[in-house]
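Enquirer: Provided below are the primary sequence and the corresponding predicted coordinates.
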Amino acid sequence: MRSPHWEYLAYVLLGVGTALLVSGIATLLYFQRHPEVNPQYGPYPIPLTIAGACTVVLSIFPFARSKKQRIKEIGENEACLPPPPPENPPPPP
Amino acid sequence: MFSKYAYKSGEGRRRRTISRPVVAFFFGLIAMTSALLGSLNLTCAATQDVKIQLCMVIDGSGSINSADWSIIVNAVSKGVNETISHDGSVEFSIVQFGTAGSMRARTELPPTIIDDTTYIAVAGRVLAISKIGGETPMADGLYLAWKELRNSSNYQNVARQVINLATDGIPNIHNNNATSDLDGNGHVDAYDDVIAVVNDETTQGLDELDMEGIGNHFSDVNATWFRDNIVRPKPGISAPPFTKPGWIRKVSDANEFANTLGEKFKAIIGEGEQIWAPSPVGAFFASVITAGFASIVSSLASAVTNPESFPSQIVAQKISATLPETLKKWLQEFISAKRKLVIGSRAARVFTLTKLEAISYAVSLSFLTFAYSYVRVSDLSQIWILIPTVLATSIVVEFCKNFLISIVARVEGVWTEHRLWYFGLGTFLFSVLVFKVPFSSPARLTHNAPKFTKRSLGLVAAAQVAVALVLAAVFFSVFTMGWTVIGNIGLVMCLTMAFFDSIPIPPMNGHDVYDWSKILWLVLFITALTLYVLCVFVL
């Protein structure tokens, strides 16, 4: 996988994780204040929050990998470039 | 075929594809979470709890004669026997007001959960209620009713507290609850006491107060006063139809009261059931399967159209070699069709619908209406009742939103039309019929390619998500104002569309936004998914 793929993975994980984290915390707080609303969903918020936090943490790795890969790709591209033209000879005295 | 990727990336740059390992990893993670949530769902098997506390406040003053009183208590008893469900979901109580000596109101039936073991005794007890007579101390009756609801052991765990007032007259006993002229008629009187009591109860948590005005002496002026000052939530409405909680109904006599009592109970008790949200498990699987299927098709399309950009060249070449030409052509179309709109000769005016567009709107509105009506009813015979409301909501969400965006894009010089999207239609029907959760979109906006840049494509795509979120806020306001059916459907529809549109898989809108601005995509996606999850759990 190249750097854009890792970057894409990282953004998706960050987006999904943050959304789960925020909604998990919000539902947790809401159910604490209103335990009478949808009591059957009471056990969901904590796993949701944990899953969200883990996903956000997980997104760090593809971000790091993406950065590393990008540096490597830039190096490879530079290696493929033709050698720079020789410097102009010094002007005759 | 000049694909979107090539157009976006430029000839000299590497082209982007979504690799299969990425997709596999992403959905593996979601599958793990799914298993976790699924197991939770199994362990917390639903227990039938009390969902509603209903207290009937009945006028037992002298203006109700004995024959009418007998009809009223017989009707209430019949309602307990036949209309109120016996599954333990309703707590029922009755308060009567009138004057006898120093007494102004009394509890005829303390809060009692109606179930198979209690309903016969409750119905019998209702039949034995005797009329108090005397004046009309309405404020005292309402005060006692709320006291009964508040002091009930079920109060903390019940979602809705409802008072239903049945009276043939006007309040005429001052209980000094009001200290100011609340209805603005120039003096502090028994009317203001009733308003003050109801205001206090609403502040303390009363969810709904509905009422019936019985008899021809209950004038339109009285009905208007009660509708504007007493029923909750405000604004009150005249019923039928029972389009929202907080209604007043005029009945001509006790017989009509008795004949319509069942309808009233259904309107009150059924209100809680009218709020619908996708089940978490259904929503999860519908979204994962739809997005997963789109990912796989998208990856295959990328392997076919740009094999050199696939992470594994060998795999890409094998895929390309294995697939038949017809499928390859379809895969190419899958990616590029969104920007291959052919402008017809009749598409010259910005504000006109082309013939194909009109057909597309008609078909997609039909599918949306059917789907949201189908998932919301428990019995298919009820679907016809819902269809007008759902159709109106679909028109606002699907037609107004897309037409507005089309016009803006056309004015900006990019011809945009609404067209059916067969892939989206297939996944939409699949999610509706299998999970009873409408997910995906039966149609989409297609654009005329030559004038579109990455920025303008991203802008239009982001607008579709943003407009859906704004409409969701509007429908939420409608919902909180008491128009629960239209607010509920509109809210779920808008949030589903916003979430679906922000998924970053080509050729969905989310990918166009991601290609243009990653940060904007992140903000839109997090907002849409968070609100969708909240809607599923909290609504």
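Expert: Perfect, thanks for sending it.
Enquirer: what's the helix or strand in which residue B:194 is found in contact with?
Expert: If you go by DSSP states H and E, residue B:194 is part of helix B:190-204. Helix B:190-204 is touched from outside by B:137-139, B:142-143, B:146, B:150, B:163, B:170-183, B:185, B:206, B:209, B:225, B:229-230, B:232, with contacts defined as CB atoms under 8 Å, 6 or more residues apart in numbering or on different chains. Any C-beta I mention is one placed from the backbone N, CA and C, and that applies to glycine too.
Enquirer: ok, stretch B:481-493 next?
Expert: Residues contacting stretch B:481-493 (CB under 8 Å, 6+ apart): B:233, B:235, B:243-246, B:271, B:274-278, B:368, B:372, B:376, B:386, B:389-390, B:392-394, B:396-397, B:438, B:471-472, B:474-480, B:535, B:539.
Enquirer: buried subset of the residues you listed?
Expert: The neighbour-count test (16 or more other CB atoms under 10 Å in any protein chain shown) applied to the contacts of stretch B:481-493 identifies B:233, B:244-246, B:271, B:275-278, B:368, B:372, B:376, B:386, B:389-390, B:393-394, B:396-397, B:438, B:471-472, B:475-476, B:478-479, B:535, B:539 as buried.
Enquirer: and chain A, which of those residues contact it?
Expert: Subset of the buried ones among the contacts of stretch B:481-493 in contact with chain A: empty, counting by CB under 8 Å from any CB of the partner chain.
Enquirer: buried sites along the lowest-mean-pLDDT helix or strand in chain A?
Expert: When each helix and strand of chain A is scored by mean pLDDT, DSSP states H and E, helix A:45-80 comes last, with a mean of 88. Buried positions in helix A:45-80, judged by neighbour count with 16+ other CB under 10 Å: A:45, A:47-49, A:51-56, A:58-59, A:62-63, A:65-66, A:69.
Enquirer: again, but for stretch B:440-454
Expert: Neighbour counts over stretch B:440-454 (16+ other CB under 10 Å) mark B:440, B:441, B:442, B:443, B:444, B:445, B:446, B:447, B:448, B:449, B:452, B:454 as buried.
Enquirer: sec struct for the second one, please.
Expert: What it means is residue B:441. coil (DSSP: H, G, I helix; E, B strand; the rest coil).
Enquirer: if I follow the layout properly, it ends up in contact with residue B:497?
Expert: Yes: with contact defined as CB atoms under 8 Å, residue B:441 reaches residue B:497; the gap is 6.5 Å.
Enquirer: I'd assumed residue B:109 was in contact with residue B:92.
Expert: Yes: between residue B:92 and residue B:109 there is a contact under CB under 8 Å: 6.8 Å.
Enquirer: who's more crowded, these two?
Expert: Legend: neighbour count by other CB atoms under 10 Å in any protein chain shown for residue B:92 and residue B:109, higher for residue B:92 (25 against 19).
Enquirer: hang on, the earlier thing: and the buried residues of stretch B:440-454, which two are furthest apart?
Expert: B:442 and B:454 (26.8 Å; CB to CB).
Enquirer: so where's chain B uncertain?
Expert: When residues are selected by pLDDT under 70, those of chain B lie in B:1-48, B:157-159, B:270-274, B:307-312, B:333-348, B:449-452.
Enquirer: the strands in it, which residues?
Expert: B:52-59, B:87-100, B:103-115, B:160-167, B:208-214, B:237-239, B:247-251, B:416-420, B:443-447 (DSSP state E).
Enquirer: so which of the ones you listed comes closest to chain A?
Expert: strand B:160-167 (8.9 Å; CB to the nearest CB).
Enquirer: angle of the closest one against strand B:52-59?
Expert: Compare the direction of strand B:160-167 with that of strand B:52-59 by axes from the mean of the first three to the mean of the last three CA atoms, to 10 degrees and you get 20 degrees.
Enquirer: other SSEs contacting strand B:160-167?
Expert: Counting contacts by 3 or more CB pairs under 8 Å, 6 or more residues apart in numbering or on different chains; DSSP states H and E, strand B:160-167 packs against strand B:52-59, helix B:138-151, strand B:208-214, helix B:254-269.
Enquirer: shouldn't residue B:456 be in contact with residue B:412?
Expert: Yes: between residue B:456 and residue B:412 there is a contact under CB under 8 Å: 7.1 Å.
Enquirer: the two - which one has more neighbours?
Expert: Shown here are residue B:456 and residue B:412; by other CB under 10 Å, residue B:456 has more neighbours (17 against 12).
Enquirer: list the contacts for residue B:145?
Expert: Counting by CB under 8 Å, 6+ apart, residue B:145 has contacts B:55, B:57, B:93, B:95, B:163.
Enquirer: apply 10 Å and report the result again.
Expert: B:55-58, B:93-95, B:97, B:105, B:107, B:161, B:163-165, B:197, B:201, B:206, B:209 (CB atoms under 10 Å, 6 or more residues apart in numbering or on different chains).
Enquirer: again, but for residue B:537
Expert: A:23-24, A:26-27, A:30-31, A:37-38, A:41-42, A:44-45, A:48, B:277, B:280, B:283.
Enquirer: switch to 7 Å and redo it
Expert: A:27, A:38, A:41, A:44, B:280 (CB atoms under 7 Å, 6 or more residues apart in numbering or on different chains).
Enquirer: who touches residue B:517 in this structure?
Expert: residue B:458.
Enquirer: next, it: phi, psi?
Expert: With angles defined as degrees, to the nearest 10, residue B:517 sits at phi -150, psi 110.
Enquirer: now, the buried ones among the contacts of stretch B:481-493 that are in helices?
Expert: Counted as lying in helices by DSSP state H, out of the buried ones among the contacts of stretch B:481-493, are B:271, B:368, B:372, B:376, B:386, B:389-390, B:393-394, B:471-472, B:475-476, B:478-479, B:535.
Enquirer: sorry, back to before: near chain B too, which of the buried residues of helix A:45-80?
Expert: A:47, A:51, A:55 (CB under 7 Å from any CB of the partner chain).
Enquirer: same list, those residues, but as a markdown table with distance to residue B:462 please.
Expert: Converted to a markdown table, those look like this (distance: CB to CB, whole Å):
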| residue | distance to residue B:462 |
| --- | --- |
| A:47 | 32 |
| A:51 | 27 |
| A:55 | 24 |
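Enquirer: and chain A, which residues reach chain B?
Expert: A:1, A:4-5, A:8-9, A:11-12, A:14-16, A:18-19, A:22-23, A:26-27, A:30, A:36-41, A:43-44, A:47, A:51, A:55.
Enquirer: buried subset of the residues you listed, written for PyMOL?
Expert: The PyMOL selection below is limited to those of those classed as buried (16+ other CB under 10 Å):
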select buried, chain A and resi 1+4+5+8+9+11+12+14+15+16+18+19+22+23+26+27+30+36+38+39+41+44+47+51+55
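Enquirer: take the residues of chain A next to chain B and keep only those in strands.
Expert: Among the residues of chain A next to chain B, no member falls in strands (DSSP E).
Enquirer: okay, now residue 83: neighbour count?
Expert: With no chain named, the answer covers chain A. Residues near residue A:83, counting by other CB under 10 Å: 5.
Enquirer: that's the wrong chain, I meant chain B
Expert: Neighbour tally, residue B:83, other CB under 10 Å: 14.
Enquirer: wait, it sits on residue B:262?
Expert: Yes: here residue B:83 reaches residue B:262: they are 4.4 Å apart, a contact under CB atoms under 7 Å.
Enquirer: residues in contact with the spatially most central residue of chain A?
Expert: The centroid of chain A falls nearest to residue A:10 when counting by CA atoms, centre = their mean (2.5 Å). Counting by CB under 7 Å, 6+ apart, residue A:10 touches A:59, A:62, A:63, A:66.
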